[in-house]
Structure formats: C-alpha cells, structure tokens
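Undergrad: Could you look at this predicted model? Sequence included:
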Amino acid sequence: MDKKTIIVVGAGQGLGNHVAERFGREGYRVVLMARNAASLDQYEKRLTADGIEAHTHIADAAHPETLTEAIIWAKQQFGTPDVLYYNVGITAADDPKEMCSEELMRHFQVDVASAYHCVRLVADDEFAAKRGAIFMTGGGLADYPTAQFIPLSIDKAAIRALAIALHDELKPRGIHVGTLTVFGSIGIDNYMSPARMAETVWQMNQQRDVCELKYEYPDMQDGALTAAEYWTKVYALAEKYRQG
C-alpha cells in the first residue's frame, strides 16, 4: 500500500509540528509548510531523527500564490495527500483604536481565506477517492470574542463557519472536514499541551464522526459566562494547571 501523506500548513514548534509528529508515528509522510526556511530545515531534521519521513516547502499564507506553488509541488512529488492540516493564524493582541479595515483584511487572508484556498487546491477527485480529511485550528474567541483580539475573534468564527460549510459540501464525496476549537493558549500548561491536542486531531481523523471538537478545560464546560468572565477564569485555570 502506498505511504500516506499529511500536509501541514503552518508548521511550528506548537500544534503544527506535534500534529505532524503524531501522524508521522503512524507511518505518514509529513510535508511541512511555513515562511521560514531555517526553521523548516530544523523541523525536518528533528522529525527525520525520530524516524519520520519529512519534507518541507516555503509558503506564506499572506500570499496565496505561494501556497498554490507549494501544494502543487507536494502533489507532484508525493501524489495526492491524504490529510491537510491548516494551522495558521495571527494571534497577537491588537489595539482596537488602531484597527482599520486594511488590517482586518490582512488578518482574514492569513487566518481564513488562505485556508479556503488550500482546501480548494487539495479537494479534487483523487483526494475524494482516497477519502481524504481536512482539519483546521479553531479558537474559543469564536464563542467569546474580545476587543483585544477583534480580528482573531472574527476569524475564528469564520473558520468555524467555513469548516461546517465545507463539511456539508464535501461529506457526500467522502471527504471529511473538521476543526479543533481550542479554548485557551496552546502550550501554556499540561492540559493545553500541543501533544495532547495533536492526539485529539489524530482521533478526529480516525473516527471522522464530528465536524467540530471543542478542546476546553473540564472546569469550563457548560458555564454561562460573559467573554470577560470566561477568559478571566481560563487564565486562572492555566495557572492552576501549571502549578499542578
């Protein structure tokens, strides 16, 4: 049987690389894409040292043409992938008083529009025949938006909508689309560790029974809180989990 391939758009020390590693341990060939060539080289060496077949290609989500070139390259080199993971987002806080429409659009391109662009590049008939899967990293700001993260709040709501719409569109063709919605800061403590989240993505890929899976502190579930109350409690829990 041919070796399976996962393309990770948004490779990095956090969730992207951990997803790559988790799938690589299952025998997947890993293709990492990100902006920084030196970082990609280090990621490839680490995965290779762990016995995982890894390849890299520079791509910048702010410039969709680079994603087109990278994904076409990957398909030419390794054939149609089996999994696409989109893990790109501008997560820095913003000053609401300085936000403008141009900046909103810059964020949207990186956070959402380029995800859609990648989906259209991979979701062809061969991908459908392989019963391919597509996953995107969502965020709790979709449910609890804040003024300090206006673009990211908008974009995480949009990623959820995109995943749900694409799930409904592509499911009849055998393609599964899902989003892991993270209600916290990745890597801030043991519960929010990228390794745990990567395991969740792997299980989503295996089970293929849900479009959205919410990754949230157990203490936070089923609470009726305002956004400010919610994130205050999240930060307190992060401190608790770090100490515990």
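TA: Arrived safely. Numbering: from 1, shown residues only.
Undergrad: Helices along the protein, start to end?
TA: With helices called from DSSP state H, the chain shows them at 15-25, 37-49, 64-78, 101-108, 114-122, 125-129, 150-170, 194-207, 227-243.
Undergrad: Phe183 is nearest to which of those helices?
TA: Between Phe183 and those, the shortest gap by CB to CB is with helix 227-243, which sits at 6.9 Å. C-beta here means a position set from N, CA and C on the backbone, and glycine is covered the same way.
Undergrad: How far off centre is the closest one?
TA: 23 Å (CA atoms, centre = their mean, to the nearest Å).
Undergrad: Count the residues that sit near Phe23.
TA: Neighbours of Phe23 under the rule other CB atoms under 10 Å: 24.
Undergrad: For the residue lying closest to it once chain neighbours are set aside, list each beta-bridge partner.
TA: Nearest residue to Phe23, sequence neighbours excluded (CB to CB, 6 or more residues apart in numbering): Ile6, at 4.6 Å. Listed beta-bridge partners, Ile6: Val30, Val83 (assigned using DSSP bridges).
Undergrad: wait, isn't Ile6 in contact with Arg25?
TA: No: with contact defined as CB atoms under 8 Å, Ile6 does not reach Arg25; the gap is 11.5 Å.
Undergrad: hang on, the earlier thing: what about the residue nearest to Phe23, distance to Tyr85?
TA: Counting by CB to CB, to the nearest Å, the separation of Ile6 from Tyr85 is 6 Å.
Undergrad: Then Glu53?
TA: Going from Glu53 to Tyr85 by CB to CB gives 16 Å.
Undergrad: More neighbours: which of those two?
TA: Higher neighbour count among Glu53 and Tyr85: Tyr85, with 26 against 16, using other CB under 10 Å.
Undergrad: Return the distance of the more buried one relative to Asp124.
TA: As judged by CB to CB, Tyr85 and Asp124 stand 18 Å apart.
Undergrad: same thing with Arg160?
TA: Arg160 is 24 Å from Asp124, where distance means CB to CB.
Undergrad: wait, Asn122 sits on Leu84?
TA: Actually, residue 122 is Val. It isn't Asn. Yes: when contacts are counted by CB under 8 Å, Val122 is listed as touching Leu84 (5.0 Å).
Undergrad: any shared contact partners between these two?
TA: 7, 132, 134 (CB atoms under 8 Å, 6 or more residues apart in numbering).
Undergrad: Can you give me the pLDDT of the second one?
TA: Read it as Gly132. With respect to pLDDT, Gly132 scores 98.
Undergrad: where are the low-confidence patches of this structure?
TA: Residues of the chain meeting the criterion pLDDT under 70: 1, 222-223, 244.
Undergrad: and Arg25, what does it touch?
TA: Residues near Arg25 by CB under 8 Å, 6+ apart: Ile52.
Undergrad: Next, work out how far apart it and Met220 are.
TA: Taking CB to CB, one finds Arg25 at 30 Å from Met220.
Undergrad: give the contact list for the residue lying closest to Ala133 once chain neighbours are set aside.
TA: Spatial nearest neighbour of Ala133, excluding adjacent residues (CB to CB, 6+ apart): His176 at 4.5 Å. Neighbouring residues of His176 by CB under 8 Å, 6+ apart: 131-134, 167, 170, 205, 208.
Undergrad: now the residues you listed in a markdown table, with neighbour count?
TA: Output for these, formatted as a markdown table (neighbours: other CB atoms under 10 Å):
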| residue | neighbour count |
| --- | --- |
| Arg131 | 12 |
| Gly132 | 24 |
| Ala133 | 23 |
| Ile134 | 25 |
| His167 | 18 |
| Leu170 | 19 |
| Asn205 | 21 |
| Arg208 | 16 |
